[in-house]
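K.L.:
Okay, structure incoming, though there's no sequence with it:
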């Protein structure tokens, strides 16, 4: 198995997925994991970030449609 996770970037990656940095027990749990367990969590975080990006795209598209509709109504 090839590992792509990075201990030095984990805090940033975790924050991107969850909105806050892993501190205390969360950080300790990460450091106690095996390389395979770290990779599994890393992959999950990556999937979560991609899911959130896709959700944001949908939200922004709907919001833009509302703005466009409002602009047309005010003309």
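P.N.:
Here it is on my side, so go on. The shown structure was predicted, so the numbers you read here are calculated from the model rather than taken from an experiment.
K.L.:
any low-confidence regions in this protein?
P.N.:
63, 67, 69-70, 74-75 (pLDDT under 70).
K.L.:
switch to 50 and redo it
P.N.:
Nowhere does the chain drop to pLDDT under 50.
K.L.:
Okay, helices next: where are they in it?
P.N.:
For the chain, helices defined by DSSP state H occupy the ranges 10-18, 25-32, 35-73.
K.L.:
got the angle between the second one and helix 10-18?
P.N.:
Meaning helix 25-32. Angle of helix 25-32 versus helix 10-18, following axes from the mean of the first three to the mean of the last three CA atoms, to 10 degrees, is 120 degrees.
K.L.:
Packing partners of helix 25-32?
P.N.:
helix 10-18 (3 or more CB pairs under 8 Å, 6 or more residues apart in numbering; DSSP states H and E). C-betas here are computed from N, CA, C, even on glycine.
K.L.:
quick one: the helix it packs on to helix 35-73, angle?
P.N.:
With the same axes, to 10 degrees as the basis, helix 10-18 and helix 35-73 are set at 40 degrees to each other.
K.L.:
Can you point out the buried residues in helix 10-18?
P.N.:
10, 13, 14, 17 (16 or more other CB atoms under 10 Å).
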